[in-house]
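> here is a sequence with its predicted model. Questions after.
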Amino acid sequence: MSKLKVYQASAGSGKTFQLTVEYLKIILKNPFSYKNILAVTFTNKATAEMKSRIISVLYKLSQNNADDYKEVLIKIEGITPENIKNQAEKALKLILHDYSRFYISTIDSFFQQIIRAFSKETGLGAGFNLEMDTKKVLSETVTRMFVGLSGNESLLNWLVEYSFHKITEGSSWNLKNDIEKFAYEIIKESYIYYENELKEKIQYKEFMSQYIQSLHSIINGFEKQMKDYGNKGMDLIKEHNLSIDDFSNKKSGPAGYFLKITKANADYDPKVRAREACESPEKWYAKKSDKIPEITTCLNQGLLKFMNDAVNYYSKQVKYYNSALVILKKLHVLGVVNDITETLRDYRTEKNLLLISDTARFLSAVINENDAPYIYEKAGNRFRHYMIDEFQDTSHLQWHNLKPLLENSLSEGNTSLVVGDIKQSIYRWRNSDWKLLADGVFEDFKNLGTQTFKLENNWRSQANIVAFNNSVFNTASNLLKEKLDDFLKDKNKDQQNFSWLLDKAYLDINQKLPANKNKNEGYVKHTFIENSDKQERTNAVLTSLKTDIEKLQDNGYKAKDIAILVRKKDEGKLLADYLMNLNNSKSEEQNYNYSVISNEALVISGSESIQLLISCLWYLHNHQDTTNMAMLYQLYTNFKHPEEQAKFHYQEEMEQLVKEILPDKETLKLYPVYEICEELIDRLELHENSENHTYLTGFLNLVADYENKERSDINDFLEWWDDKGKDVSLSANEEQNSINIYTIHKSKGLEFKAVLIPFCDWKLDHEKAPIIWCNSEAPFHKLSPIPVSYQEKLSESVFAEAYYLEKTQIYVDNLNLLYVGFTRAQNCLICYSEYIKRDSYSTIGDVMYHIYSSGIHADLNFRQYWNSETKCFEYGNLQTINSKNKAQEAKPLSYIGNSYRKSFRLKQSSENYFQEEQTTENINYGKLMHKIFECIITIKDVKKAVSLVFEEGIINSEEKEMLQLKVEKYLEHEEAQKWFDKSMEVINENNLLMPDGKILRPDRICLTSNQTIVIDYKFTEDETKSHQKQVLNYMNVLQEMGYNNVSGYVWYPEKEIVTAVV
């Protein structure tokens, strides 16, 4: 029995190196074990990198290189310096010749593979399609549900009631948007866990209506009682001939509280002044008031009691009142979840779809009914060793599916491990839960045991970057913990229930430096920009960014060495547009490179040529849309005559343009969208400008992909384009010499010599309130769990625990984003944040400002490097580097396209294999015989091969008999007979792919254990030297591929000649 290995791998700590070592440990002891190892990653890029690394290292080891790996491997029992080379060479050959069983894949790909083997059990049809566009599917599902309302009276009445509820509370009555947003909840694990339990209750609209009535009863009862206390207080004040203004602080004072709670939609919270007034009569009046005797009498005769009664009632009942309010907000939409689920199920069945978000859930359902190892064996997999990368991004369902495999592996004494880093967990919104790495895995494997290994060295970043990050995140985690503790104390909650999460996430944050690192290298600069106007502040950031990019390039950094990281996509687009404009407008004297690689910069719809195409499609769809006609004319004029200004009065010109490019619009729009686009590209001559080629090729690929999955209809395509297609980006060549722009999420796993974060001031808390699923308690327990919107009101509700947990986790999430961003830097880290004077900190920028200006809790003396006047932190020196990156200039794709109708012609006659004209007859007869011989392995296959061409209608029955006799006669040749007996393995008509991309196709290759024979047939041609030269080329290629004792022949069956090639 083995123990589970748990690797804690901070950023830059050599995680891929360690995973590769663990993989090599297994296959160097037994090269055949590669087929028994499953390595799971979370992105296709990480999968490719891992595969590439293992293959590369195996090759180097087979060449007696890779000393860094050898140094580690020779310390392992069972691996010696003498056998590493041979074992590596053997393992490499086995993997390359059986690559499909080299199991390194994303977790979703692995689960999908298993699900395909269980399509019957999961209710999926054979050959189901995997759907990545969850948004589109959910939107269409909700639309279908609304379309079917006429046949569902119960649902119709429920939605009408929901509409009245929204109107009453002053909200938008657009139900479809609300329901579409909520529909995303049904694919989240937080809902899936309780799905069956909830379904049983919410399917009954009568039960839901009664539940809603009970909520209204709680709300109305609370408001009525509070208003009653308010009216009693106000009446007593009037009885004593006093007014609110006679009391301290007037309307904002304790007496003003009575007035406040008599109003509609009142804020019933007593706040500090009302609470203090319960205990201190002197809080009711000012010291110099001339009404003190009257006020004192009023207090003694009941006003003080009314205040105490109101505050005490509020304190005891507010959590039920707030709970009822927040439940009611989502209850109507919860009531249609079953209807959405049923409609989605029908949609899936009709389209034979599996949503990407469904993979873990479907597999979990199968595993719950069977023994897990059996499940995977049935699917054709028998793994003994498991390696799970990026474990902090694993969800509970994914872990539920993988855990039994690891348990089985360890119980048999095999190797299993998980690798992760809580600080890099930034995908909680995709169901990941870093608490699995913090505690869950240790609890789950406490019986089998775990071994924890910490990768302490940072191999990526220079010394000053490492020291900076060590100090910053030690300090920042403590600050956030204190902020959270203060918040919880204020709410009278036990902070130990929650703040431990921050302690756990940033435990042992410090990384060490390898011995070979220079201790004085690395540069950090963080500038705070003070300006009350947001646009001016943004302009200041852009100007500073430009200056710093130029400074970096002056110090030897290539554009490719620089990465700009952003929190949001719209920030990336802003930066991409700014830098592209700089690059396009720079003078010839300027040597700076501002070109960018960015998804936002390479959006297909950003090309004017594509905009023109789409405008033409809209015109074909609706030629009476005058707004689109104006846009079409404007785009066409800009494209064809950029020096001219389009006229405002365009009617005549527009009509002429349509006659020129769309004279057959009624016919053209009947064609598939792909063909229309190719035709339009040809007519508009969009391909004449090479700058358009990349966009045109990308667009046509997009159209082709769409038509493979959807209807080839202009209307449907344009709807899809507006909804999703317009946001698709071209894949950029990462090797070109351009500045990289990434979101922080996309940058995970990457590294750059210089990292710039221009908008380093995202909020600590949620910017948009998510839905959290909470267990309920009496009097709400009849329905549980319940979806509620995250908001501070939850802190005084029965859902307070869930609220505090979510608040703590979002603090960790946003600090993790900063950690991922900062740790991408190798040599240089430059940041910009807004400076707004606040009493407390609510953004990441606020936290960093507090760290620099106070220097508290820091190993690094931040104050020493902080300039309070310029509000800039600067640590280390920007050193000149000699970039070794070989950067490429971007080479645009060449457009290869042609009108479908020009390139395709329908044949009106057969090949006429036996027509009288000699030249054509020879060619066609040769084709026919090659087709027959391609199906012949041994002499016994002749009849079957001839029958196949007969069944295809190529020959008639008379020709069939004649050909069979003819082929059998060919095979009576003494030399040829041995090529068609059972003693040889045969490869017919297979391609040989050459390094330069050319393809060779020998007619027949015969293999034995010690001989390789290549044969080329010539049925109608005379002997020539070119035939022998062709076969000699085949022979040379086969020898280069490692085949031994290669011989070759040219066979002329009609002439009964076999020519040996030497």
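Received the coordinates, thanks.
> residue 418 sits in which helix or strand?
strand 416-420 (DSSP states H and E).
> what does the helix or strand that that strand is followed by rub up against?
Remark: after strand 416-420, the chain's next helix or strand is helix 435, criterion DSSP H and E. Around helix 435, the neighbours that count as contacts under Cβ atoms under 8 Å, 6 or more residues apart in numbering are residue 501. The C-beta positions use only the backbone N, C-alpha and C, and glycine is treated the same way.
> so what's the gap between helix 435 and the chain middle?
A distance of 21 Å separates the centroid of the chain from that of helix 435, by Cα atoms, centre = their mean, to the nearest Å.
> now do stretch 8-21
The chain centroid and the centroid of stretch 8-21 are separated by 22 Å under Cα atoms, centre = their mean.
> neighbours around residue 697, how many?
18 (other Cβ atoms under 10 Å).
> where does it land on pLDDT?
In this model, residue 697 is scored at 88, pLDDT.
> what's downstream of whatever helix or strand it lives in, the next helix or strand?
Residue 697 is part of helix 693-709, with elements assigned from DSSP H and E. Using DSSP H and E, the helix or strand that follows helix 693-709 in sequence is helix 714-723.
> and the residue located most distally from the centre of the chain, what pLDDT?
Distance from the C-alpha centroid of the chain, by Cα atoms, centre = their mean, peaks at residue 293 (70.3 Å). The model reports residue 293 with a pLDDT of 94.
> for it, which residues are in contact?
So residue 293 contacts nothing (Cβ under 8 Å, 6+ apart).
> how far away is it from residue 301?
12 Å (Cβ to Cβ, to the nearest Å).
> before we move on, the earlier item: tell me the buried residues in the strand holding residue 418?
Across strand 416-420, burial judged by 16 or more other Cβ atoms under 10 Å covers 416-420.
> kindly list the longest helix within this protein.
The longest helix of the chain (DSSP state H) is helix 205-239.
> buried stuff in it?
Buried-residue list, helix 205-239, by 16+ other Cβ under 10 Å: 205, 208, 211-212, 215, 218-219, 222-223, 225-230, 232-234, 236-237.
> what does stretch 670-678 give?
Applying a neighbour-count criterion of 16+ other Cβ under 10 Å, one finds 671-678 buried in stretch 670-678.
> over to stretch 982-998?
Quick answer for stretch 982-998 (16+ other Cβ under 10 Å): residue 984.
> can you offset everything so residue one is 58?
That works, and once the first residue is 58, the last one we named lands at stretch 1039-1055.
> quick one: secondary structure of the nearest residue to residue 69 once chain neighbours are set aside?
Closest residue to residue 69 apart from its sequence neighbours, by Cβ to Cβ, 6 or more residues apart in numbering: residue 517 at 2.9 Å. Following DSSP: H, G, I helix; E, B strand; the rest coil, the label given to residue 517 is coil.
> what is the neighbour count of residue 517?
Residues near residue 517, counting by other Cβ under 10 Å, number 18.
> quick one, phi/psi of it?
Main-chain dihedrals, residue 517, degrees, to the nearest 10: phi -90, psi -50.
> quick one, what contacts it?
68-69, 808, 880, 883 are the contacts of residue 517 under Cβ under 8 Å, 6+ apart.
> equivalent analysis for residue 70, please.
Applying Cβ under 8 Å, 6+ apart, one finds that residue 70 lies in contact with 512-516, 568.
> residue 598 now?
586, 815-816, 889.
> if we use 6 Å, what do you get?
Residues in contact with residue 598 (Cβ atoms under 6 Å, 6 or more residues apart in numbering) are 815, 889.
> list the buried residues of the stretch of helix or strand it belongs to.
Counting by DSSP H and E, the element that carries residue 598 is helix 591-611. Residues of helix 591-611 classed as buried: 594-595, 597-599, 601-602, 605-606, 609-610 (neighbour count, 16+ other Cβ under 10 Å).
> what is the mean pLDDT for that helix?
95.
> tilt between the next helix-or-strand element following it and helix 591-611?
Using DSSP H and E, the helix or strand that follows helix 591-611 in sequence is strand 619-623. Here strand 619-623 runs at an angle of 160 degrees relative to helix 591-611 (axes from the mean of the first three to the mean of the last three Cα atoms, to 10 degrees).
> who's in contact with strand 619-623?
By Cβ under 6 Å, 6+ apart, the surrounding residues in contact with strand 619-623 are 629, 632, 796-801, 804, 809, 811-814, 878.
> ranking those residues by neighbours, who comes first?
Result: residue 796 is most packed of the contacts of strand 619-623 (other Cβ under 10 Å), 29 neighbours.
> quick revisit: show me which pair in the contacts of residue 70 is furthest apart.
513 and 516 (10.7 Å; Cβ to Cβ).
> strands of the stretch 958-1107 of the chain, start to end?
Per DSSP state E, counting those that start in this stretch, the stretch 958-1107 of the chain carries strands over the ranges 1042-1045, 1049-1050, 1056-1057, 1061-1064, 1069-1074, 1103-1109.
> indicate which one of the ones you listed is closest to residue 502.
Short answer: strand 1049-1050, nearest of these by Cβ to Cβ, at 46.5 Å.
> contacts for that closest one next, please.
So strand 1049-1050 is in contact with 1056-1057, 1094, going by Cβ under 6 Å, 6+ apart.
> how far off helix 771-780 does the helix holding residue 754 point, in degrees?
Using the same axes, to 10 degrees: helix 750-766 against helix 771-780 is 120 degrees.
> from the middle of its chain, how far away would helix 750-766 be?
In terms of Cα atoms, centre = their mean, the gap separating the centre of helix 750-766 from the centre of its chain is 21 Å.
> what packs against it?
helix 665-678, helix 730-741 (3 or more Cβ pairs under 6 Å, 6 or more residues apart in numbering; DSSP states H and E).
> export those to a markdown table and tack on mean pLDDT and distance to residue 334?
Output for those, formatted as a markdown table (pLDDT from 0 to 100; distance: least, Cβ to Cβ, whole Å):
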| stretch | mean pLDDT | distance to residue 334 |
| --- | --- | --- |
| helix 665-678 | 90 | 66 |
| helix 730-741 | 90 | 72 |
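> burial count for the nearest residue to residue 561 once chain neighbours are set aside?
Nearest residue to residue 561, sequence neighbours excluded (Cβ to Cβ, 6+ apart): residue 495, at 4.7 Å. Neighbour count of residue 495, defined by other Cβ under 10 Å: 19.
> for residue 464, give its distance to residue 502.
For residue 464, the distance to residue 502 - Cβ to Cβ - is 8 Å.
> can you tell me the closest non-neighbouring residue to residue 558?
Once flanking residues are discounted, residue 558 sits nearest to residue 865: 4.9 Å by Cβ to Cβ, 6+ apart.
> that concludes my questions; thank you for your assistance.
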